[in-house]
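Colleague: Predicted model follows, preceded by the sequence.
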Amino acid sequence: MQISGIIPVMLTPFQDDGSVDYASLERLTEWYIAHGADALFAVCQSSEMQYLSLAERVEMARFVVRIARGRVPVVASGHISTGIDDQKAELAAVAETGVDGVVLVTNRLDPEAKGTEVFRASLKALLAALPPDLPLGLYECPAPYRRLLSDDEFKACIDSGRFAMLKDVSCDLATVKRRVALAKGSGFAVINANAAIARDAMRAGSRGFCGVSTNIHPDLYAWLYRTADTPLAEELTQFLVMAALFEAFGYPAIAKVYQQRLGTIATIRCRTITYDVREKFWALDQIVDALAKGTDLHRARIAAQAAAAA
């Protein structure tokens, strides 16, 4: 099963008591699929995976697979431990949930930033512990530190034949282009996660988008991914770049404010953010207003253009 296209990084809804809200998670999963998701990335940093127990990470991955019902592929990470034995255990547990792919976090392969030798040794150990027929992904997660792959490491992962995709967090168009060239002919998907370069990266061969803005308007990225350059595409690109600045105002809580307004989730509670986002970020609701209005405006323009062309 191919893992590419628009891949939302899933939020974790919580109840008022701090437990995972599975009713909201079901509605959220359906919302992603209805709004253009080609696959789902469950149990990732946007899911606050570093603040979830192993039992929660495993149950959430299993739950999303059940709700998705094969309509789109589901990949999951939950890769947060430091010790290699703990990593083997957590990844094996996620692999047994029925996900279509397990995503390895690059900084866990080199927790102390010691370099390629440590990375390669960790990679060898984890690959030996995971089912050989299970598609794997790579994620340059920025927490606890952003560990970018060198070209040699990237090529070694491709050459292993075990990996299907990379969530690229280089945030650099030249790096995306170089990696696309290195992966040519392999079937390996380089998927950019940075909104500022999203359109250019798509045009350069990034096979989709996997950034935090997929929690606001994945369908707009889906349209941009599949549409030729037009004046409307240019206008939408500018909107998406500016709209992505919402991340600086208390993400993932601000995305939960947006989703709560839609009725998909019940609370904006987070484990990563314990402060009141509305108190810290003045006029936060007005920012969400603008996001919603801009999103609806561009959806209407896309629909009008489609109707005119029909």
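Modeller: Alright, I've got the coordinates.

Colleague: make it CA atoms for all contacts and neighbour counts henceforth
Modeller: Will do.

Colleague: Quick one: low-confidence residue ranges for this structure.
Modeller: Where the chain drops to pLDDT under 70, the residues are 1.

Colleague: For it, which segments count as strands?
Modeller: 5-6, 40-42, 74-76, 101-105, 136-139, 163-168, 189-192, 208-209 (DSSP state E).

Colleague: hey, where'd the helices end up in the stretch 101-250 of the chain?
Modeller: For the stretch 101-250 of the chain, applying DSSP state H, counting those that start in this stretch gives helices covering 116-129, 151-159, 173-183, 198-203, 218-226, 231-243.

Colleague: Let's have those in CSV, adding mean neighbour count and distance to Glu140.
Modeller: Converted to CSV, the helices of the stretch 101-250 of the chain look like this (neighbours: other C-alpha atoms under 10 Å; distance: least, C-alpha to C-alpha, whole Å):
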stretch, mean neighbour count, distance to Glu140
helix 116-129, 16, 13
helix 151-159, 15, 11
helix 173-183, 17, 13
helix 198-203, 22, 16
helix 218-226, 20, 21
helix 231-243, 16, 21
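
Colleague: Make CSV out of those and add distance to Pro252.
Modeller: Output for the helices of the stretch 101-250 of the chain, formatted as CSV (distance: least, C-alpha to C-alpha, whole Å):
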stretch, distance to Pro252
helix 116-129, 30
helix 151-159, 29
helix 173-183, 25
helix 198-203, 20
helix 218-226, 16
helix 231-243, 15
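
Colleague: for those, which one sits closest to Ala303?
Modeller: Nearest to Ala303 among the helices of the stretch 101-250 of the chain is helix 218-226 (10.6 Å), distances taken as C-alpha to C-alpha.

Colleague: now that closest one against helix 231-243, angle please.
Modeller: Taking axes from the mean of the first three to the mean of the last three C-alpha atoms, to 10 degrees, one finds helix 218-226 and helix 231-243 inclined to each other by 130 degrees.

Colleague: Who are the packing partners of helix 218-226?
Modeller: In terms of contacts (3 or more C-alpha pairs under 8 Å, 6 or more residues apart in numbering; DSSP states H and E), helix 218-226 is packed against strand 5-6, helix 198-203, strand 208-209, helix 231-243, helix 284-309.

Colleague: Just the C-alphas of it, formatted as PDB.
Modeller: Once non-C-alpha atoms are left out, helix 218-226 reads as follows in PDB (Å, rounded to 0.1, in the frame of the first residue of the first chain):
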ATOM      1  CA  PRO A 218      -6.100  19.300   4.500                       C
ATOM      2  CA  ASP A 219      -8.500  19.600   1.500                       C
ATOM      3  CA  LEU A 220      -6.800  22.900   0.400                       C
ATOM      4  CA  TYR A 221      -3.400  21.200   0.300                       C
ATOM      5  CA  ALA A 222      -5.000  18.200  -1.500                       C
ATOM      6  CA  TRP A 223      -6.400  20.600  -4.200                       C
ATOM      7  CA  LEU A 224      -3.000  22.400  -4.500                       C
ATOM      8  CA  TYR A 225      -1.200  19.000  -4.800                       C
ATOM      9  CA  ARG A 226      -3.300  17.900  -7.700                       C
END
